[in-house]
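Asks: Any chance you can model this:
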Amino acid sequence: MGLSIDPTKIQDIESARQAILELFNLIEELQQENVKLRAENQRLRDENNRLKGEQGQPDIKPDKKPKSKNYSSEHERKKDKARRKKRKNNRLRIDREQIVPIDKGQLPADAQFKGYEAVVVQDIKIKSDNIRFLKEKYYSASEKQSYLAELPAGYQGQFGPGVRALVLTQYYACGMTEPKIKDFLEYFEVYVSAGQISNWLIHNHEQWHQEKDEIYQAGLNSSRWQHIDETGTRVDGVNHYCHIVCNPLYTAYFTRPRKDRLTAIKLLQARADAQFLFNDQTQHWLQQFKVHQWIRRRVALWPQDVLVSQDELESWVEAYFEPGQLMPEFRARIFEAAALSAYYQQTPTSKMPILVSDDATQFQHITPDQSLCWVHEGRHYKKLSPIVIYHHHLLADFIKDFWNFYRQLQRYRASPSVAKAQHLSDQFDVLFSAQTGYDQLDKRIAKTKAKKERLLKVLECPQLPLHNNPAELGARQRVFKRHISYGPRTQAGLAAWDTFMTLAATAKKLGVSFFCYIHDRIAEVFALPNLADLIRHRSPASHPVSAA
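Replies: You can find the predicted model right below:
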């Protein structure tokens, strides 16, 4: 590490200024390196002590939980938005009316009745509704057979649809644990065993799984763009990933063992079995993924323009490559390229044109266009931690300009035009070509500029959102659920988690009571329309996303 500062050449203020800037950047670089070396040194000391049969540095938890770094950009992003309290009375259903009389003794003699003043008060009644059914029973002597009346629809065993719907709502929509659900029911003299509650939550949900599939298919067809994100989760103690795909009409959850590009492609294919295809476009993907030429030549020998299953593709790999000859990363790129080719081959109505996401590698190239999240991009700047006060000011000024530009994009979405789009494009170039002299900030600015096409996709499609918050909020619900209930332990439990979290999140977006919906289906009333039908009815897909 060398400095280009020559004290003998500092003859004026500008030369001194450049020397000081270089020293400031050196301080930042040394500070970062010092932090990394301290952590590495402590790790090596602990490892050395363990090898000598001793103990490493004890992991003593602080009395108070340390405050984690906050990379949220909500304050800057919503700075110019006034907080408005939502009105509730226009959404309330009035269950009954009651006249409140006034004490006539308080009234003067000339008081005249002027009608009523309405006041809406919300209240709730929770009580048991235990029923003793007397089922008619007949016996036929000629047929030697008894005939017994059936219980009404929705009543199974010793429990009715209300209890079952409440248990599902509390667990999947309200985040309650199974023991707490049991306690809650017992407070109102409803006695259910822990095993029965577990069975209701996990088993015999084929109809719900089918409804989730219908919701997802309707959701994919409801818009030309989709949000996508993922978060870690555990299944029977093994690390998995929960993938969230959504738009303003629905949210769908899918838990899978991996979070690679192939998994994301399979989700968007929305098929029970993934499909793969080899053609000229596959070779283009392989070349873009920097797969070795000798591998591409061998893959070109495989049958072309024929859709194949994953099992068939795996058999081809085993037949054309010796064990250990194909590195795992290149094997993954072959599967991804073939899956992309199959996905791009789908009809326009079943292929997603635009994906809204963060800049994670696995989300790139999946759709013809990608729109990046501005909030996620802003977090990169929040993570910079300069120790030089001058750099603090530079960073704060740039972050302010960053969110001012973001708010201009918001205003553009409300009133787009070609002239405004060109002005914002030019303004982006100016803002993200800035050279502040703070090296780490300048490198970060250059990385943002390289994403211009994906960050400014909104200039072509003003209906696109500027952030990926809906998917991140969906992921947050799984995180809350994970903190409360850890994770499912069986495949049936995993499917139930994904299905009912999908139903709960989608019902909320559509303004449907999740409890009422579940109760309606369990009781076999079917008075409420399917959520998938509501998505199709409210879908703006018939109005294509137009360019500015």
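Asks: Going by C-alpha atoms from here, please, whenever you check contacts or count neighbours.
Replies: OK.
Asks: pLDDT score assigned to residue 182?
Replies: On pLDDT, residue 182 comes in at 96.
Asks: helix/strand/coil for it?
Replies: Recorded secondary structure, residue 182: helix (DSSP: H, G, I helix; E, B strand; the rest coil).
Asks: Same check on residue 122?
Replies: In three-state terms, and counting by three-state DSSP, residue 122 is coil.
Asks: Can you give me every residue that contacts it?
Replies: Residues in contact with residue 122 (C-alpha atoms under 8 Å, 6 or more residues apart in numbering): none are found.
Asks: Could you pull up the residues touching the residue nearest the centre of the chain?
Replies: The residue lying closest to the centre of the chain (C-alpha atoms, centre = their mean) is residue 471, at 2.9 Å. Shown in contact with residue 471 (C-alpha under 8 Å, 6+ apart): 227, 228, 229, 244, 245, 246, 251.
Asks: same deal with residue 490?
Replies: Going by C-alpha under 8 Å, 6+ apart, residue 490 touches 235, 236.
Asks: That one and residue 237, how far apart?
Replies: To residue 237, residue 490 is 10 Å away according to C-alpha to C-alpha, to the nearest Å.
Asks: Repeat that for residue 273.
Replies: From residue 273 to residue 237 the distance is 26 Å (C-alpha to C-alpha).
Asks: Helix or strand: which one has the residue nearest to the centre of the chain?
Replies: Assigned by DSSP states H and E, residue 471 belongs to helix 469-485.
Asks: re the thing from before, max pairwise distance over the contacts of residue 471: which two?
Replies: The most widely separated members of those, counting by C-alpha to C-alpha, are 229 and 251 (11.1 Å).
Asks: Which positions within the helix or strand residue 519 falls within qualify as buried?
Replies: In this assignment (DSSP H and E), residue 519 forms part of helix 514-522. Neighbour-count burial for helix 514-522 flags 514, 515, 517, 518, 519, 520, 521, 522 (criterion: 16 or more other C-alpha atoms under 10 Å).
Asks: quick one: which helix or strand includes the residue lying closest to the fifth one once chain neighbours are set aside?
Replies: In this structure, residue 519 finds its nearest non-sequential neighbour in residue 165, 5.1 Å apart by C-alpha to C-alpha, 6 or more residues apart in numbering. Applying DSSP H and E as the criterion places residue 165 in helix 161-172.
Asks: who's in contact with that helix?
Replies: Helix 161-172 is contacted by residues 154-155, 176-178, 181, 197, 200-201, 497, 500-501, 504, 514-515, 518-519, 522-523 when judged by C-alpha under 8 Å, 6+ apart.
Asks: Swap in 7 Å and give it another go.
Replies: Outside helix 161-172, the residues within contact range by C-alpha atoms under 7 Å, 6 or more residues apart in numbering are 154-155, 176-177, 181, 200-201, 500-501, 514-515, 518-519, 522-523.
Asks: One more: stretch 367-383?
Replies: The contact list for stretch 367-383 (C-alpha under 7 Å, 6+ apart) reads 71-73, 352-359, 454-455, 457, 466-468.
Asks: Just the residues you listed: which are in strands?
Replies: Those of those mapping onto strands are 354, 355, 356, 357, per DSSP state E.
Asks: Just say helix, strand or coil for residue 239.
Replies: Secondary structure, three-state DSSP: residue 239 is strand.
Asks: For it, list the residues it contacts.
Replies: Here residue 239 is in contact with residue 233 (C-alpha under 7 Å, 6+ apart).
Asks: follow-up on the earlier one: shared neighbours of residue 229 and residue 251, which are they?
Replies: Common neighbours of residue 229 and residue 251 (C-alpha under 7 Å, 6+ apart) are 244, 245.
Asks: show me where pLDDT drops low in the stretch 301-450 of the chain?
Replies: Within the stretch 301-450 of the chain, the segments meeting pLDDT under 70 span 347-351.
Asks: ah, wrong one, I meant the stretch 51-200 of the chain
Replies: In the stretch 51-200 of the chain, residues with pLDDT under 70: 55-89.
Asks: Now do the helices in it.
Replies: For the stretch 51-200 of the chain, the helices defined by DSSP state H, counting those that start in this stretch occupy 74-77, 161-172, 178-187, 194-202.
Asks: do you know how far residue 340 is from residue 226?
Replies: 17 Å.
Asks: And for residue 358?
Replies: Residue 358 is 12 Å from residue 226, where distance means C-alpha to C-alpha.
Asks: circling back: the helix holding residue 519 - contacts with which helices or strands?
Replies: helix 161-172 (3 or more C-alpha pairs under 7 Å, 6 or more residues apart in numbering; DSSP states H and E).
Asks: Kindly calculate the angle that the helix it packs on makes with helix 178-187.
Replies: The directions of helix 161-172 and helix 178-187 differ by 140 degrees, with axes from the mean of the first three to the mean of the last three C-alpha atoms, to 10 degrees as the criterion.
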